[in-house]
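>>> Got a predicted structure plus its sequence, pasted below:
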2 protein chains.
Amino acid sequence: MVGRISRKVTTLSRTPAKRPTQADIARLAGVSQATVSLVLNERDASIRISPATRERVLTVMREWGYVANASARSLAGGRNKIIGVYTFEPVFPTSGVDFYFPFLLGMEQEAAELGYDLLLFTSAGGERQIFRDGSTRLWHADGALLLGRDPNVEEIERLRDSGYPFVYVGHREVSGPPVSYVAADYAGATKQLTERLFELGHQRVAYARIGNGGAQPSRDREGGFRQATPYQHLAGPVWTLDSVAEVDGLVEELQRGGITAVLAEQQLLAEELLVCATRRGLSIPDDLSVVELGDSTGARHDGTAWTGLIVPREQMGRQAMGLLVQLLEAPDSGARSESVRCGFAPGATVGPPKELP
Amino acid sequence: MVGRISRKVTTLSRTPAKRPTQADIARLAGVSQATVSLVLNERDASIRISPATRERVLTVMREWGYVANASARSLAGGRNKIIGVYTFEPVFPTSGVDFYFPFLLGMEQEAAELGYDLLLFTSAGGERQIFRDGSTRLWHADGALLLGRDPNVEEIERLRDSGYPFVYVGHREVSGPPVSYVAADYAGATKQLTERLFELGHQRVAYARIGNGGAQPSRDREGGFRQATPYQHLAGPVWTLDSVAEVDGLVEELQRGGITAVLAEQQLLAEELLVCATRRGLSIPDDLSVVELGDSTGARHDGTAWTGLIVPREQMGRQAMGLLVQLLEAPDSGARSESVRCGFAPGATVGPPKELP
DNA sequence: ACCAGGTGCTAATGGGGATTAGCTGCTAAT
DNA sequence: ATTAGCAGCTAATCCCCATTAGCACCTGGT
């Protein structure tokens, strides 16, 4: 590339043949490369450069449009003001888009405010691996935000052990030393929603999900539900379904058990509950209150105004970015984590139980 | 940072103190660092390494989990495999999001396929300038995609003159040497849509826009309209309104002029036409056919199924990325531009004229 | 006159890898 | 016996920057 350009330049005789290096600037300003570097990264400490020299160097830099080479800088241990964003699932096979976009939005906004640029790591060939074929490209960025519902835990641990600074967006517990993360307060929100149901007079409240409940967000929500239950010393059954096909059976169980309110982990499940309940002549929320807990994976978005929690994705993105930058700028503090309050959707699928027994 | 890590390691004694380098591998395999490098980037050509040695080196690399340092690599090689994305308007004050996102989507997909990562430049402080304070961060990336309806032409020219490789997403003509761009074929699509109106039997067709028609996409569309007109040797009036307030007057003009079909540059304009026409007792498409030309700036998205063109934003993003990578990988080819065919929305706002005179 | 104690700057080094000129053996041709 | 030629590898250099040890100079004190 350099070759190309310089050849061009000899004929065009305009613009620098290649972008200037510190050495170039140094020569032009009549100082040493080291001085240029020192001027550039104004360390507070001991090393002093006279205002006159500093000004001269800065002028030349401006004049020639000097920009530090990111690679050289990170090789030498410097900072680039670049934050990487890495998602474990591909963001862009469209299904993921709606989910991930708000996170990116928040990150971008915060990054802009803090003066960082964003490096989006794309997944070549669909295999989502940080340590792809060996070369971890993460190092181009000063630090990274990691994102994904189903991350490769082993890779996270490896990354943590490597000392690379990162923040996980979402509740993330790993074995060994903890990692930094920013999570939505699913537990708190679910607890509150459950308590609200009790306050409305519901006597039997259930919790249901589709798929295994092993993922952290799933566990957090269930935890919140269980914490709320003692409030009314009423045991709430928790169902874990394998697929939507089982929802109809679930509704039957609910009826039989005299349950008047359900918390549905997934919006998809809530939607199916609505269908099945309607088919059985139950109306929502009159006969059955349904709370939707914000997991919109695979949802049909049928337009129902669900009562439930709103995942504060944008805010999570912002906050994760903020936390990461803090970690970067205040070295060797250990892992930290923050929690973000969930939003609340009033919706129209919760009401008092039909008749108090 | 490295310092921190090694300190940790001495106490934790887990994971290699640092990731192994080529020098480490070389020592362990009893060869030179150069040999390791050669084994790694199997150049087809001249330099030969015996299969035995190659195997030995590979084994050691595998054993020790060697990973190339991306920074060092690009420092030495000059390439980052990073493509910058720069938008002239801020993407994220939400209004822009819907507009820009499809572009990003296409870019990301194509980048992933080509093995490039994306560097998103965020705008610190809202001032959107490439040459912020004289330096350009663009150089972090091998090349960049530029995006924006209302770019700073001067900056584009300056960038072109600097020899930095970039592709503009959208039709972009500048003074002096041309720049590379990928544009939607607004002209062709508008021409086709206009001709379709004639084929349906319309005798007088008009073109309308809000705001000045100076922007390139605007000019392209009008050009297409004018090209189609001779098809039926019927002159079509072109109106340029200052604001939506004038739409009602426009409808009056249309009625008076016996015009039975309009091409509306902006969706917003189309929406207003619908309102005003309805108010005057005209029905769409029976009394008036309306074609919407894909500029959804400020649209209310009232749910109308407009007949018109669809801007192939995702495809444009893909193609721009592809073009840029070509430019990067096939040196010193000059500026190139490509055109992307627009989509067609059948919609329900176009029909034959009510009565042939 | 001599030293202590700054100040302002530079030379040198290292960071990890790509590249190239060139060096060693060895075989085959003369 | 020489030499040409080649396969197989290495030493050396460069990429651009951050960092540190230390040099040269100057001022003020004794």
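It's in.

>>> Tell me where the model's unsure across the stretch 1-150 of chain A.
Applying pLDDT under 70 to the stretch 1-150 of chain A picks out residues A:1-17, A:43-46, A:90-97, A:123-136.

>>> which parts of it sit against DNA strand C?
A:30-35, A:38, A:47-50, A:52-54, A:72, A:75-76 (CB under 7 Å from any atom of the strand). Glycine gets a C-beta too; all of them are placed from N, C-alpha and C.

>>> mind running it again at 10 Å?
Neighbours of DNA strand C within the stretch 1-150 of chain A, by CB under 10 Å from any atom of the strand: A:22, A:26, A:29-39, A:46-54, A:56-57, A:69, A:71-78, A:134-135, A:139.

>>> Selecting buried members of the residues you listed in ChimeraX, what would you type?
Applied in ChimeraX, the following selects the buried portion of those according to 16 or more other CB atoms under 10 Å in any protein chain shown:
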select /A:22,26,29,31,35,36,37,38,39,53,54,56,57,69,71,73,74,75,135,139
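
>>> can stretch A:335-353 be found next to chain B?
No - under the criterion of CB under 8 Å from any CB of the partner chain, stretch A:335-353 makes no contact with chain B; the nearest approach is 12.5 Å.

>>> Can you get me the start-to-end distance on that stretch?
45 Å (CA to CA, to the nearest Å).

>>> Stretch A:202-218 too?
23 Å.

>>> chain center to that stretch: distance?
Using CA atoms, centre = their mean, to the nearest Å, the distance from the centre of stretch A:202-218 to the centre of the chain it belongs to is 22 Å.

>>> Can you identify each of the helices in the stretch 151-300 of chain A by residue range?
For the stretch 151-300 of chain A, the helices defined by DSSP state H, counting those that start in this stretch cover A:153-162, A:186-199, A:216-228, A:247-257, A:267-279.

>>> which residues are contacting the fourth one?
Put plainly, it is helix A:247-257. Here helix A:247-257 makes contact (CB atoms under 8 Å, 6 or more residues apart in numbering or on different chains) with A:204, A:206, A:208, A:237, A:239, A:241, A:259, A:262, A:269, A:272-273, A:275-277, A:279-280, A:282, A:288.

>>> and if we set it to 10 Å?
Applying CB atoms under 10 Å, 6 or more residues apart in numbering or on different chains, the contact partners of helix A:247-257 are A:204, A:206, A:208, A:210, A:237, A:239, A:241, A:244, A:246, A:259-262, A:264, A:268-280, A:282, A:287-288.

>>> So how do I select the buried members of those in ChimeraX?
With 16+ other CB under 10 Å as the criterion, this ChimeraX line picks the buried residues out of the contacts of helix A:247-257:
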select /A:204,206,208,210,239,241,244,246,259,260,261,262,264,268,269,270,271,272,273,274,275,276,277,282,287,288
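
>>> coming back round to it: filter the residues of the stretch 1-150 of chain A next to DNA strand C down to the ones near DNA strand D?
A:22, A:26, A:32-39, A:46-48, A:69, A:71-78.

>>> my guess is A:Thr278 contacts A:Glu271, does it?
No - using CB atoms under 10 Å, A:Thr278 is not in contact with A:Glu271; the gap is 11.0 Å.

>>> one step back: restrict the residues of the stretch 1-150 of chain A next to DNA strand C to contacts with chain B.
For chain B, the contacts drawn from these by CB under 10 Å from any CB of the partner chain are A:Asn69, A:Ser71, A:Ala72, A:Arg73, A:Ser74, A:Leu75, A:Ala76, A:Gly77, A:Gly78, A:Gly134, A:Ser135, A:Trp139.

>>> Switch those residues over to JSON lines; also include secondary structure.
Formatted as JSON lines, these follow (DSSP: H, G, I helix; E, B strand; the rest coil):
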{"residue": "A:Asn69", "secondary structure": "coil"}
{"residue": "A:Ser71", "secondary structure": "helix"}
{"residue": "A:Ala72", "secondary structure": "helix"}
{"residue": "A:Arg73", "secondary structure": "helix"}
{"residue": "A:Ser74", "secondary structure": "helix"}
{"residue": "A:Leu75", "secondary structure": "helix"}
{"residue": "A:Ala76", "secondary structure": "coil"}
{"residue": "A:Gly77", "secondary structure": "coil"}
{"residue": "A:Gly78", "secondary structure": "coil"}
{"residue": "A:Gly134", "secondary structure": "coil"}
{"residue": "A:Ser135", "secondary structure": "coil"}
{"residue": "A:Trp139", "secondary structure": "helix"}
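
>>> what comes up buried for stretch A:348-357?
Buried positions in stretch A:348-357, judged by neighbour count with 16+ other CB under 10 Å: A:Thr349, A:Val350, A:Gly351, A:Pro352, A:Pro353.

>>> Using the three-state scheme, assign the third one.
So the one you mean is A:Gly351. Applying three-state DSSP: A:Gly351 is coil.

>>> That one: what's it in contact with?
Contact analysis of A:Gly351 by CB under 10 Å, 6+ apart lists A:Leu200, A:Gly201, A:His202, A:Thr260, A:Ala261, A:Ile284, A:Pro285, A:Asp286, A:Asp287, A:Leu288, A:Ser289, A:Thr307.

>>> which of these sit farthest apart?
A:Gly201 and A:Ile284 (16.3 Å; CB to CB).

>>> Looking at these two, which is more packed in?
Ranked by neighbour count (other CB atoms under 10 Å in any protein chain shown), A:Gly201 and A:Ile284 place A:Ile284 first, with 21 against 14.

>>> is it true that that one touches A:Val350?
Yes - between A:Ile284 and A:Val350 there is a contact at 8.8 Å, judged by CB under 10 Å.

>>> Can you check which residues contact both of those two?
A:Val290, A:Trp306, A:Thr307.

>>> May I see the residues you listed arranged in CSV, with pLDDT as well?
Output for these, formatted as CSV (pLDDT from 0 to 100):
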residue, pLDDT
A:Val290, 95
A:Trp306, 94
A:Thr307, 95
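
>>> Narrow these to those in strands?
A:Val290, A:Thr307 (DSSP state E).

>>> show me where the stretch 1-150 of chain A has strands.
A:82-87, A:117-120, A:143-147 (DSSP state E, counting those that start in this stretch).

>>> Could you save those strands as TSV and add columns showing mean neighbour count and distance to chain B?
Listed next are the strands of the stretch 1-150 of chain A as TSV, based on neighbours: other CB atoms under 10 Å in any protein chain shown; distance: least, CB to the nearest CB, whole Å:
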stretch	mean neighbour count	distance to chain B
strand A:82-87	25	7
strand A:117-120	24	4
strand A:143-147	24	10
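
>>> Tell me which of those strands sits nearest to B:Leu146.
Relative to B:Leu146, the nearest member of the strands of the stretch 1-150 of chain A by CB to CB is strand A:117-120, separated by 15.2 Å.

>>> wait, does that closest one make contact with DNA strand D?
No - Strand A:117-120 is not in contact with DNA strand D by CB under 10 Å from any atom of the strand; minimum separation 16.0 Å.

>>> Right, I'll leave it there.
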